[in-house]
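# Task: produce atomic coordinates for the following.
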Amino acid sequence: MFGMVKTGCCGWSEPHVKYFQDFDVMEVQETFYQPGRIAKYEKWRATAPRGFEFVVKAWQLITHASSSPTYRRLSAGIPAAAKDHYGAFRPTDEVLTAWEVTAEAAKALGATVILFQCPASFAPTEENRKNLRTFFSRIDRGSCVLAWEPRGAWEEKDIKRLCEDLDLVHCVDPFKARPLAGQIRYFRLHGLPGYDLGYIYSDDDLQRLLSMADRDEVYVMSNNYSMLDDCRRYRRLVDAL
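From the prediction side, this is the model:
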């Protein structure tokens, strides 16, 4: 079975007008580091062609602890007294506020998917499992599909159970792990063999990737340095079918 394959880059990789011509989806990265003004996102939505999709990467305050180096890109610092209130889906007002900001950005963009990317330090502890269940059970996800990209030592059985119980899509790099749950496929390409953003995908790699489109709807998002060229080559393979 060959589904509808949507391919794009993790972040703007060329001027907006050109990107809209080349691809049909874009994963917004700044919403992870520091969400921007809603008016800007509304403008992006208004200028995008019909059928173009945005995916929002959830704010790091939800998923990453305040010790993460990515917090350096926040426009305002974290109060010292509240440092332990952020990340790991903790049941705190700060995490819920970060979700509200993420959801507002997703609404302005008309986003179809919200991605929750976790660091490897988000380990499969009982506390983290409980936090995941509490967070996803209490938020209003609207019409968005929610995708979870776990990293680190999570076992397949844990990922599958949590995704099925919480109605999450298991997001993976398909060259490194197999997707375990979800009504769609959501693939993020991080380079080979490990996490090598300098890797350039070969034609054989892209043909293999094409064979993994085993759902009615498949998102293929590149997150390596050569993502623009790799995405264009992959898009040509998809269009040929």
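
# Quick check, N223 in contact with Y195.
No. Counting by C-beta atoms under 8 Å, N223 stays clear of Y195, with 9.5 Å between them. (Glycine included, C-beta is placed from N, CA and C.)

# Who has more neighbours out of the two?
Shown here are N223 and Y195; by other C-beta atoms under 10 Å, N223 has more neighbours (18 against 14).

# residues touching the more buried one, list them.
Neighbour list for N223: C9, C10, R188, L189, H190, L197 [criterion: C-beta atoms under 8 Å, 6 or more residues apart in numbering].

# what's the closest non-adjacent residue to the fourth one?
I take that to be L189. With C-beta to C-beta, 6 or more residues apart in numbering as the criterion, L189 has its nearest non-adjacent residue at 4.8 Å, and that residue is S222.

# Run through the residues that contact that neighbour.
By C-beta under 8 Å, 6+ apart, S222 lies in contact with T7, G8, C9, C10, L189, Y201, D230, C231, Y234.

# Kindly report the same for V169.
113, 145-148, 163, 179, 181-186.

# Looking at those residues, which are in strands?
In strands, defined here by DSSP state E, the members of those are V113, V145, L146, A147, W148, R185, Y186.

# From those, pick the one nearest E100.
Set against E100, the nearest of these by C-beta to C-beta is L146 (14.9 Å).

# Does anything pack onto whichever strand or helix holds R235? Which helices or strands?
Assigned by DSSP states H and E, R235 falls within helix 227-240. With contacts taken as 3 or more C-beta pairs under 8 Å, 6 or more residues apart in numbering; DSSP states H and E, helix 227-240 sits against strand 4-9, helix 16-22, helix 203-210, strand 217-222.

# Excluding chain neighbours, give the residue nearest to W148 in space.
Nearest non-adjacent residue to W148 (C-beta to C-beta, 6+ apart): L168, at 4.6 Å.

# Now do the contacts for that neighbour.
The contact partners of L168, by C-beta under 8 Å, 6+ apart, come to F136, L146, A147, W148, L162, A181, G182.

# Weed out the non-buried ones from the residues you listed.
Neighbour counting with 16 or more other C-beta atoms under 10 Å marks F136, L146, A147, W148, L162, A181, G182 as buried within these.
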